[in-house]
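S.K.: Have a look at this prediction, sequence included:
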Amino acid sequence: MFTINDFKVRLVNGEEVKSFIKKHGEFAAICYNTPKEKAEAVGMHCLKSGHFSGSRHLHFVFELENVPRSAVDQAVRHNIGFVTNVQSLRYCNKDGKVSIYAAPELAINPYMIKAIKDQENIVNLQYNNIQSYLQEGNITGEKANEIARTILPIGISTSCNIAVNIECLAHLANVRLCRRAELPIRNIVKQMVDQVVEVEPRYKPFLVPNCKKLGYCPEGNKECLRYKK
């Protein structure tokens with residue numbers, strides 16, 4: 001069993017990110033034939049005005065570990081400026097390694113914790129039973145894994161690599177930092193944003209939820225504290 005506190009998100013290319021705004025400007029400078037000595041200013045101007053075409057080749061690279069498969073399923077819905085590679089349950093055998101996400105509302109209750117751990121034991125047992133049955137029919141390796149994985153829960157722990165450009169990261173922040181977004185994906189995106197802003201603080205005003213960007217709540221969520229403010 002694992003909880004939201006066990007999620008691991010790491011910005012891989014932090015040093016490279018420090019030069020992204022300048023590189024954005026260098027790529028975009030050709031538009032007005034601007035001298036490249038002014039690349040930094042051009043990059044900031046493009047960023048503020050929403051001209052992202054000069055930045056689409058610059059990717060923030062993240063490693064995600066011990067996150068729910070359900071959150072990854074949500075993340076991969078973003079496909080413009082988004083590149084990912086998810087741990088394969090075909091090539092990776094999960095025998096005895098099934099760990100299921102426990103939401104905070106469940107993790108505070110010992111009976112719910114026991115229920116989740118019991119479920120883990122059942123899934124591990126059945127996964128192993130399926131693998132053993134298939135092995136008797138000389139079905140092993142990838143083929144066995146792809147059949148056995150069909151019983152794995154959507155909350156199983158997984159890992160993936162994600163690369164996003166600033167246009168995509170801003171969109172991720174806009175929609176996934178919203179209070180209506182599910183907590184796991186919101187937590188993952190917040191960690192991504194926080195790590196980028198730590199390296200390059202000038203990105204901070206653009207990596208915000210939609211309500212802060214637009215000045216109103218497009219979701220009409222009147223229960224949200226941000227909405228009330």
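M.R.: Cool, the structure landed. Keep in mind the model is a prediction, meaning the values are calculated, not measured.

S.K.: for Thr34, helix, strand, or coil?
M.R.: Three-state call for Thr34 (DSSP: H, G, I helix; E, B strand; the rest coil): coil.

S.K.: And the contacts of stretch 10-17?
M.R.: 59-63, 65, 192, 195-196, 199-200 (Cβ atoms under 8 Å, 6 or more residues apart in numbering). From N, CA and C alone the C-beta is placed, and that goes for glycine too.

S.K.: which among those residues end up buried?
M.R.: Taking 16 or more other Cβ atoms under 10 Å as the criterion, what is buried in the contacts of stretch 10-17 is 59-62, 192, 195-196, 199-200.

S.K.: Quick check: what element follows the longest helix along the chain along the chain?
M.R.: Identified as the longest helix of the chain according to DSSP state H is helix 110-136. Next along the chain after helix 110-136, taking DSSP states H and E as the criterion, comes helix 141-148.

S.K.: And the helices in the chain?
M.R.: Assigned helices in the chain, in chain order: 14-17, 20-28, 39-49, 69-75, 104-107, 110-136, 141-148, 166-176, 183-199, 210-214, 225-228 (criterion: DSSP H).

S.K.: Val193 contacts Ala170, doesn't it?
M.R.: No. With contact defined as Cβ atoms under 8 Å, Val193 does not reach Ala170; the gap is 9.4 Å.

S.K.: any common contacting residues for these two?
M.R.: Shared contacts of Val193 and Ala170 (Cβ under 8 Å, 6+ apart): Leu207.

S.K.: quick one on the thing from earlier: would JSON lines of the helices of the chain with mean pLDDT and distance to Thr158 be doable?
M.R.: Formatted as JSON lines, the helices of the chain follow (pLDDT from 0 to 100; distance: least, Cβ to Cβ, whole Å):
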{"stretch": "helix 14-17", "mean pLDDT": "98", "distance to Thr158": "24"}
{"stretch": "helix 20-28", "mean pLDDT": "97", "distance to Thr158": "28"}
{"stretch": "helix 39-49", "mean pLDDT": "97", "distance to Thr158": "33"}
{"stretch": "helix 69-75", "mean pLDDT": "97", "distance to Thr158": "5"}
{"stretch": "helix 104-107", "mean pLDDT": "98", "distance to Thr158": "19"}
{"stretch": "helix 110-136", "mean pLDDT": "97", "distance to Thr158": "14"}
{"stretch": "helix 141-148", "mean pLDDT": "97", "distance to Thr158": "14"}
{"stretch": "helix 166-176", "mean pLDDT": "97", "distance to Thr158": "18"}
{"stretch": "helix 183-199", "mean pLDDT": "98", "distance to Thr158": "12"}
{"stretch": "helix 210-214", "mean pLDDT": "92", "distance to Thr158": "28"}
{"stretch": "helix 225-228", "mean pLDDT": "65", "distance to Thr158": "31"}
